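Undergrad: fold the following and give me the result.
(one chain, ligands or ions: 2)
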Amino acid sequence: MDIGIIGGGSTGLLLGSHLAVKHKVTIYVRREQQKQSLNKNGIFSPESNKSIQVKSLLISEMHRENYLIVCVKQHHVSQVIPFINQTNIESTIIFLQNGMGHIDLLRKMTQTVLVGVVEHGALRKNDHSVAHTGKGVIKLAVFSGVKDELESIINNLYQRQFPFSGSSDWESLLQGKLIINAVINPLTSLFNMKNGDIFKNVYIHSIAYELCREASLVLGLDFNQQWQRVQEVAEKTENNISSMLKDLQENRKTEIEAICGYLINQSNHPIPYTTFIYTSIKAMEKQKEIKE
Ligand SMILES: NC(=O)C1=CN([C@@H]2O[C@H](COP(=O)(O)OP(=O)(O)OC[C@H]3O[C@@H](n4cnc5c(N)ncnc54)[C@H](OP(=O)(O)O)[C@@H]3O)[C@@H](O)[C@H]2O)C=CC1
Ligand SMILES: CC(C)(CO)C(=O)C(=O)O
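TA: Ligands and ions are numbered 1, 2, ... in the order given. Sure, this is the predicted structure:
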(Lines give C-alpha, C1' and ligand atoms only; values in the text may rest on other atoms or scores of the structure.)
(Ligands and ions follow the chains in the order given, each with its own letter.)
Protein backbone atom coordinates (compact mmCIF):
# COMPACT_ATOMS: atom_id res chain seq x y z
CA MET A 1 0.00 0.00 0.00
CA ASP A 2 1.04 3.63 -0.38
CA ILE A 3 1.47 5.05 3.11
CA GLY A 4 2.34 8.68 3.82
CA ILE A 5 3.69 9.63 7.22
CA ILE A 6 3.47 13.31 8.11
CA GLY A 7 6.31 14.36 10.42
CA GLY A 8 9.79 12.85 10.48
CA GLY A 9 10.17 13.06 14.25
CA SER A 10 10.41 10.25 16.81
CA THR A 11 7.11 8.48 16.07
CA GLY A 12 7.13 9.26 12.34
CA LEU A 13 10.56 7.69 11.86
CA LEU A 14 9.68 4.73 14.10
CA LEU A 15 6.52 3.97 12.11
CA GLY A 16 8.33 4.58 8.83
CA SER A 17 11.15 2.18 9.68
CA HIS A 18 8.69 -0.64 10.38
CA LEU A 19 5.97 0.02 7.80
CA ALA A 20 8.52 0.34 4.97
CA VAL A 21 9.25 -3.39 5.34
CA LYS A 22 5.86 -4.17 3.74
CA HIS A 23 4.66 -0.90 2.19
CA LYS A 24 5.70 1.99 -0.05
CA VAL A 25 6.33 4.67 2.56
CA THR A 26 6.78 8.41 2.01
CA ILE A 27 7.80 10.61 4.94
CA TYR A 28 6.46 14.17 4.56
CA VAL A 29 8.68 16.70 6.33
CA ARG A 30 8.91 20.47 6.59
CA ARG A 31 12.67 20.96 6.08
CA GLU A 32 14.55 20.43 2.82
CA GLN A 33 17.59 19.29 4.83
CA GLN A 34 15.64 16.44 6.45
CA LYS A 35 14.11 15.46 3.11
CA GLN A 36 17.59 15.12 1.60
CA SER A 37 18.94 13.26 4.61
CA LEU A 38 16.12 10.67 4.49
CA ASN A 39 16.33 10.20 0.72
CA LYS A 40 20.08 9.66 0.99
CA ASN A 41 20.28 7.51 4.14
CA GLY A 42 16.84 5.95 4.62
CA ILE A 43 15.81 5.49 8.27
CA PHE A 44 18.51 4.04 10.51
CA SER A 45 17.53 1.91 13.47
CA PRO A 46 20.29 1.47 16.10
CA GLU A 47 18.61 -1.72 17.45
CA SER A 48 18.93 -3.60 14.18
CA ASN A 49 21.96 -1.59 13.05
CA LYS A 50 20.26 -1.33 9.66
CA SER A 51 18.76 1.33 7.44
CA ILE A 52 15.55 0.94 5.51
CA GLN A 53 15.00 2.90 2.32
CA VAL A 54 12.07 5.34 2.28
CA LYS A 55 11.07 8.24 0.09
CA SER A 56 10.81 11.70 1.58
CA LEU A 57 9.04 14.79 0.26
CA LEU A 58 8.19 18.19 1.64
CA ILE A 59 4.64 18.43 2.97
CA SER A 60 3.92 20.94 0.19
CA GLU A 61 4.74 18.15 -2.33
CA MET A 62 2.17 15.73 -0.90
CA HIS A 63 0.60 13.26 -3.28
CA ARG A 64 -2.22 10.78 -2.97
CA GLU A 65 -1.74 7.95 -0.49
CA ASN A 66 -3.92 5.05 0.65
CA TYR A 67 -3.27 5.88 4.29
CA LEU A 68 -1.83 9.07 5.75
CA ILE A 69 -0.51 8.78 9.31
CA VAL A 70 -0.16 12.09 11.11
CA CYS A 71 2.85 12.06 13.48
CA VAL A 72 3.26 15.75 14.31
CA LYS A 73 2.74 17.17 17.81
CA GLN A 74 -0.82 18.10 18.71
CA HIS A 75 -0.20 21.86 18.28
CA HIS A 76 0.96 21.33 14.67
CA VAL A 77 -2.11 19.37 13.55
CA SER A 78 -3.93 22.49 12.35
CA GLN A 79 -0.97 23.33 10.08
CA VAL A 80 -0.97 19.98 8.28
CA ILE A 81 -4.73 19.49 7.73
CA PRO A 82 -4.93 21.93 4.76
CA PHE A 83 -2.22 19.91 2.92
CA ILE A 84 -4.14 16.68 3.60
CA ASN A 85 -7.42 18.14 2.36
CA GLN A 86 -5.82 19.45 -0.83
CA THR A 87 -4.49 16.09 -1.96
CA ASN A 88 -6.01 13.26 0.04
CA ILE A 89 -9.73 13.80 0.20
CA GLU A 90 -10.49 10.10 -0.33
CA SER A 91 -7.72 8.58 1.79
CA THR A 92 -7.85 7.17 5.29
CA ILE A 93 -6.23 9.56 7.76
CA ILE A 94 -4.80 8.32 11.07
CA PHE A 95 -3.98 10.74 13.92
CA LEU A 96 -1.64 9.51 16.67
CA GLN A 97 -1.34 12.55 18.96
CA ASN A 98 -1.30 12.49 22.75
CA GLY A 99 -4.01 14.60 24.35
CA MET A 100 -7.44 15.51 22.97
CA GLY A 101 -7.08 19.16 22.00
CA HIS A 102 -7.12 18.31 18.28
CA ILE A 103 -10.45 16.45 18.32
CA ASP A 104 -12.57 19.44 17.26
CA LEU A 105 -10.37 19.89 14.16
CA LEU A 106 -11.05 16.28 13.13
CA ARG A 107 -14.82 16.78 13.24
CA LYS A 108 -14.57 18.98 10.14
CA MET A 109 -12.81 16.32 8.06
CA THR A 110 -14.79 14.35 5.48
CA GLN A 111 -12.33 11.45 5.04
CA THR A 112 -12.37 8.22 7.06
CA VAL A 113 -10.56 9.40 10.19
CA LEU A 114 -8.96 7.13 12.78
CA VAL A 115 -7.34 8.15 16.04
CA GLY A 116 -4.85 6.12 17.98
CA VAL A 117 -2.53 5.88 20.92
CA VAL A 118 1.10 4.93 20.63
CA GLU A 119 2.28 2.71 23.45
CA HIS A 120 5.85 2.59 22.15
CA GLY A 121 8.71 4.81 23.19
CA ALA A 122 10.59 6.43 20.33
CA LEU A 123 13.41 8.95 20.30
CA ARG A 124 14.77 10.62 17.18
CA LYS A 125 18.57 10.68 17.28
CA ASN A 126 19.02 12.77 14.14
CA ASP A 127 17.07 13.54 10.95
CA HIS A 128 17.33 9.95 9.72
CA SER A 129 17.69 7.74 12.79
CA VAL A 130 15.43 6.75 15.63
CA ALA A 131 15.80 4.64 18.77
CA HIS A 132 12.99 2.33 19.81
CA THR A 133 13.10 3.03 23.55
CA GLY A 134 10.02 1.04 24.59
CA LYS A 135 8.21 -1.70 22.70
CA GLY A 136 4.43 -1.73 22.78
CA VAL A 137 1.45 -1.54 20.48
CA ILE A 138 -0.44 1.10 18.49
CA LYS A 139 -4.17 1.04 19.26
CA LEU A 140 -6.52 2.49 16.66
CA ALA A 141 -10.21 3.39 16.67
CA VAL A 142 -12.52 4.84 14.02
CA PHE A 143 -13.34 8.48 14.76
CA SER A 144 -15.49 9.12 11.70
CA GLY A 145 -16.30 7.10 8.61
CA VAL A 146 -16.92 3.41 8.04
CA LYS A 147 -16.44 1.39 11.25
CA ASP A 148 -16.14 -1.91 9.33
CA GLU A 149 -12.91 -0.71 7.74
CA LEU A 150 -11.00 -0.90 11.04
CA GLU A 151 -10.28 -4.61 10.79
CA SER A 152 -8.82 -4.42 7.28
CA ILE A 153 -6.72 -1.34 8.20
CA ILE A 154 -5.30 -3.18 11.24
CA ASN A 155 -4.60 -6.27 9.10
CA ASN A 156 -2.78 -4.17 6.52
CA LEU A 157 -0.60 -2.40 9.08
CA TYR A 158 0.00 -5.26 11.55
CA GLN A 159 3.39 -6.92 11.82
CA ARG A 160 4.38 -9.34 14.58
CA GLN A 161 7.38 -7.16 15.39
CA PHE A 162 5.28 -3.99 15.25
CA PRO A 163 1.68 -4.72 16.25
CA PHE A 164 -1.49 -2.68 15.79
CA SER A 165 -4.77 -3.42 17.55
CA GLY A 166 -8.31 -2.10 17.25
CA SER A 167 -10.61 -0.47 19.77
CA SER A 168 -14.36 0.03 19.30
CA ASP A 169 -14.61 3.32 21.23
CA TRP A 170 -12.30 6.17 20.21
CA GLU A 171 -13.28 8.35 23.14
CA SER A 172 -12.42 5.92 25.91
CA LEU A 173 -9.22 4.98 24.07
CA LEU A 174 -8.01 8.60 24.05
CA GLN A 175 -9.38 9.42 27.50
CA GLY A 176 -7.45 6.53 29.10
CA LYS A 177 -4.18 7.85 27.65
CA LEU A 178 -5.11 11.46 28.45
CA ILE A 179 -5.36 10.72 32.19
CA ILE A 180 -1.95 9.05 32.20
CA ASN A 181 -0.41 12.04 30.44
CA ALA A 182 -2.29 14.53 32.65
CA VAL A 183 -0.69 13.02 35.76
CA ILE A 184 2.75 11.76 34.76
CA ASN A 185 3.85 14.35 32.19
CA PRO A 186 3.40 17.62 34.11
CA LEU A 187 4.62 16.18 37.44
CA THR A 188 7.81 14.76 35.94
CA SER A 189 8.33 18.12 34.20
CA LEU A 190 7.71 20.27 37.26
CA PHE A 191 9.92 18.17 39.54
CA ASN A 192 12.44 17.23 36.83
CA MET A 193 12.29 13.51 37.47
CA LYS A 194 11.81 10.18 35.70
CA ASN A 195 8.33 8.66 35.48
CA GLY A 196 8.84 6.12 38.27
CA ASP A 197 10.08 8.74 40.73
CA ILE A 198 6.74 10.53 41.15
CA PHE A 199 5.54 7.70 43.38
CA LYS A 200 8.68 7.63 45.51
CA ASN A 201 8.00 11.00 47.13
CA VAL A 202 4.93 10.99 49.37
CA TYR A 203 4.02 14.61 48.59
CA ILE A 204 4.30 14.23 44.80
CA HIS A 205 2.37 10.97 45.15
CA SER A 206 -0.47 12.90 46.79
CA ILE A 207 -0.53 15.52 44.00
CA ALA A 208 -0.62 12.68 41.43
CA TYR A 209 -3.64 11.26 43.27
CA GLU A 210 -5.49 14.60 43.14
CA LEU A 211 -4.64 15.14 39.44
CA CYS A 212 -5.98 11.69 38.63
CA ARG A 213 -9.11 12.32 40.71
CA GLU A 214 -9.83 15.61 38.91
CA ALA A 215 -9.21 14.14 35.44
CA SER A 216 -11.45 11.11 36.17
CA LEU A 217 -14.21 13.43 37.37
CA VAL A 218 -14.04 15.66 34.27
CA LEU A 219 -14.04 12.68 31.90
CA GLY A 220 -16.65 10.71 33.88
CA LEU A 221 -14.36 7.71 34.36
CA ASP A 222 -13.98 5.40 37.34
CA PHE A 223 -11.25 6.87 39.56
CA ASN A 224 -10.00 3.61 41.07
CA GLN A 225 -9.55 2.00 37.68
CA GLN A 226 -7.71 5.06 36.30
CA TRP A 227 -5.51 5.44 39.39
CA GLN A 228 -4.49 1.79 39.14
CA ARG A 229 -3.61 2.29 35.45
CA VAL A 230 -1.61 5.50 36.07
CA GLN A 231 0.48 3.70 38.71
CA GLU A 232 1.00 0.69 36.43
CA VAL A 233 2.21 2.88 33.53
CA ALA A 234 4.51 4.93 35.80
CA GLU A 235 6.01 1.68 37.06
CA LYS A 236 6.32 0.12 33.59
CA THR A 237 7.99 3.28 32.21
CA GLU A 238 9.86 4.10 35.45
CA ASN A 239 13.11 4.97 33.70
CA ASN A 240 11.49 7.10 30.98
CA ILE A 241 11.89 10.81 30.68
CA SER A 242 8.32 11.84 29.84
CA SER A 243 7.73 13.54 26.51
CA MET A 244 6.82 16.80 28.30
CA LEU A 245 10.02 16.88 30.31
CA LYS A 246 11.98 16.06 27.16
CA ASP A 247 10.28 18.92 25.30
CA LEU A 248 11.19 21.37 28.07
CA GLN A 249 14.77 20.09 28.27
CA GLU A 250 15.07 20.75 24.55
CA ASN A 251 13.31 24.13 24.73
CA ARG A 252 10.34 22.94 22.69
CA LYS A 253 6.70 23.77 23.24
CA THR A 254 4.95 21.07 25.31
CA GLU A 255 1.56 19.42 24.71
CA ILE A 256 0.17 20.85 27.98
CA GLU A 257 -2.69 22.61 26.12
CA ALA A 258 -3.86 19.35 24.55
CA ILE A 259 -3.67 17.51 27.87
CA CYS A 260 -4.39 19.66 30.97
CA GLY A 261 -5.72 22.58 28.89
CA TYR A 262 -8.30 20.23 27.37
CA LEU A 263 -9.43 19.06 30.84
CA ILE A 264 -9.76 22.65 32.09
CA ASN A 265 -11.88 23.55 29.04
CA GLN A 266 -14.10 20.49 29.49
CA SER A 267 -14.67 20.97 33.20
CA ASN A 268 -17.83 22.56 34.63
CA HIS A 269 -16.31 23.02 38.07
CA PRO A 270 -12.95 24.18 39.46
CA ILE A 271 -10.11 21.67 39.13
CA PRO A 272 -7.41 23.42 41.20
CA TYR A 273 -4.60 20.86 41.00
CA THR A 274 -4.89 20.59 37.21
CA THR A 275 -5.14 24.38 36.86
CA PHE A 276 -2.07 24.86 39.05
CA ILE A 277 0.02 22.34 37.17
CA TYR A 278 -1.16 23.68 33.78
CA THR A 279 -0.17 27.21 34.81
CA SER A 280 3.18 25.97 36.13
CA ILE A 281 4.09 24.31 32.83
CA LYS A 282 3.00 27.42 30.90
CA ALA A 283 5.21 29.44 33.26
CA MET A 284 8.15 27.13 32.57
CA GLU A 285 7.63 27.57 28.81
CA LYS A 286 7.56 31.33 29.28
CA GLN A 287 10.69 31.35 31.43
CA LYS A 288 12.46 29.47 28.66
CA GLU A 289 11.02 31.89 26.07
CA ILE A 290 9.53 28.97 24.14
CA LYS A 291 7.16 30.14 21.41
CA GLU A 292 6.71 27.26 18.97
N1 LIG B 1 7.85 9.85 20.94
C2 LIG B 1 7.12 8.99 21.62
O3 LIG B 1 7.67 8.05 22.20
C4 LIG B 1 5.62 9.13 21.69
C5 LIG B 1 4.95 10.17 21.06
N6 LIG B 1 3.58 10.24 21.15
C7 LIG B 1 2.84 11.33 20.50
O8 LIG B 1 3.09 11.37 19.10
C9 LIG B 1 3.02 12.71 18.62
C10 LIG B 1 4.31 13.03 17.86
O11 LIG B 1 5.35 13.00 18.81
P12 LIG B 1 6.88 12.84 18.44
O13 LIG B 1 7.03 12.05 17.21
O14 LIG B 1 7.55 12.37 19.67
O15 LIG B 1 7.26 14.36 18.16
P16 LIG B 1 8.56 14.97 17.48
O17 LIG B 1 8.67 16.36 17.97
O18 LIG B 1 9.71 14.04 17.64
O19 LIG B 1 8.19 14.97 15.94
C20 LIG B 1 7.23 15.81 15.39
C21 LIG B 1 7.64 16.05 13.96
O22 LIG B 1 6.63 16.80 13.31
C23 LIG B 1 7.28 17.63 12.39
N24 LIG B 1 6.41 18.71 11.96
C25 LIG B 1 5.91 19.74 12.67
N26 LIG B 1 5.16 20.53 11.89
C27 LIG B 1 5.20 20.00 10.65
C28 LIG B 1 4.64 20.38 9.41
N29 LIG B 1 3.91 21.49 9.28
N30 LIG B 1 4.89 19.62 8.34
C31 LIG B 1 5.66 18.50 8.43
N32 LIG B 1 6.22 18.08 9.59
C33 LIG B 1 5.99 18.83 10.68
C34 LIG B 1 8.51 18.14 13.15
O35 LIG B 1 9.43 18.66 12.22
P36 LIG B 1 10.85 19.26 12.64
O37 LIG B 1 11.75 18.07 12.82
O38 LIG B 1 11.21 20.05 11.43
O39 LIG B 1 10.63 20.05 13.89
C40 LIG B 1 8.96 16.85 13.82
O41 LIG B 1 9.84 16.12 13.01
C42 LIG B 1 2.82 13.61 19.85
O43 LIG B 1 1.47 13.94 20.00
C44 LIG B 1 3.29 12.71 21.00
O45 LIG B 1 2.66 13.03 22.22
C46 LIG B 1 2.85 9.31 21.81
C47 LIG B 1 3.48 8.28 22.45
C48 LIG B 1 4.89 8.07 22.42
C1 LIG C 1 3.24 7.08 28.95
C2 LIG C 1 4.23 8.23 28.97
C3 LIG C 1 4.07 9.01 30.24
C4 LIG C 1 5.57 7.56 28.92
O5 LIG C 1 6.65 8.40 29.17
C6 LIG C 1 4.00 9.14 27.78
O7 LIG C 1 3.09 8.89 27.00
C8 LIG C 1 4.75 10.38 27.55
O9 LIG C 1 5.85 10.55 28.06
O10 LIG C 1 4.20 11.23 26.81
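
Undergrad: surely residue 26 forms part of a helix?
TA: No: Residue 26: not assigned to a helix; according to DSSP: H, G, I helix; E, B strand; the rest coil it is strand.

Undergrad: tell me the confidence at it?
TA: Turning to residue 26, the model gives it a pLDDT of 98.

Undergrad: how about whichever residue of the chain sits closest to ligand 1, what does it touch?
TA: When scored by Cβ to the nearest ligand atom, the chain has residue 9 as its residue closest to ligand 1, at 1.7 Å. In this view, the C-beta of every residue, glycine as well, is placed from N, C-alpha and C. By Cβ atoms under 8 Å, 6 or more residues apart in numbering, the contact set of residue 9 is 71, 72, 73, 124.

Undergrad: strands of the stretch 1-150 of the chain, residue ranges please.
TA: 2-6, 24-29, 43-45, 50-52, 55-58, 67-70, 92-95, 112-118, 121-126, 129-134, 138-144 (DSSP state E, counting those that start in this stretch).

Undergrad: partners of the fourth one, with directions?
TA: Okay, so that is strand 50-52. Using DSSP bridges, the strands paired with strand 50-52 are strand 43-45 (antiparallel).

Undergrad: wait, does the helix or strand containing residue 212 make contact with ligand 2?
TA: Using DSSP states H and E, residue 212 sits in helix 202-219. No: if you take Cβ under 6 Å from any ligand atom as the test, helix 202-219 misses ligand 2, and the best it gets is 11.9 Å.

Undergrad: what is the mean pLDDT for that helix?
TA: 98.

Undergrad: and the next helix or strand past it?
TA: Following helix 202-219 in sequence, per DSSP H and E, is helix 223-236.

Undergrad: quick one: that next one to strand 129-134, angle?
TA: Relative orientation of helix 223-236 with respect to strand 129-134: 130 degrees, computed using axes from the mean of the first three to the mean of the last three Cα atoms, to 10 degrees.

Undergrad: what about helix 223-236, near ligand 1?
TA: No: judged by Cβ under 6 Å from any ligand atom, helix 223-236 stays clear of ligand 1, getting no closer than 11.4 Å.

Undergrad: where does the protein have low pLDDT?
TA: For the chain, the stretches with pLDDT under 70 are 292.

Undergrad: show me the domain layout of it.
TA: 2-168, 173-287 (automatic domain parsing).

Undergrad: now do the end-to-end distance for the last one.
TA: Distances were taken as Cα to Cα, to the nearest Å; on that basis the terminal residues of domain 173-287 are 34 Å apart.

Undergrad: how far off centre is that domain?
TA: Centre-to-centre, domain 173-287 and its host chain are 15 Å apart (Cα atoms, centre = their mean, to the nearest Å).

Undergrad: can you check the first one too?
TA: Here the centre of mass of C-alpha atoms in domain 2-168, compared against the chain's by Cα atoms, centre = their mean, lies 10 Å away.

Undergrad: start and end of that domain, how far apart?
TA: Domain 2-168 end-to-end distance (Cα to Cα) = 25 Å.

Undergrad: could you check the angle strand 112-118 makes with the biggest helix by length in the chain?
TA: Longest helix in the chain by number of residues (criterion: DSSP state H): helix 170-190. Between helix 170-190 and strand 112-118, the angle comes out at 40 degrees (the same axes, to 10 degrees).

Undergrad: state the phi and psi torsions of the most centrally placed residue in the chain.
TA: Nearest to the mean C-alpha position of the chain, by Cα atoms, centre = their mean, lies residue 97 at 3.3 Å. Per-residue torsions, residue 97: phi -80, psi 150 (degrees, to the nearest 10).

Undergrad: residues contacting it?
TA: Here residue 97 is in contact with 70, 72, 73, 74, 77, 255, 258 (Cβ under 8 Å, 6+ apart).
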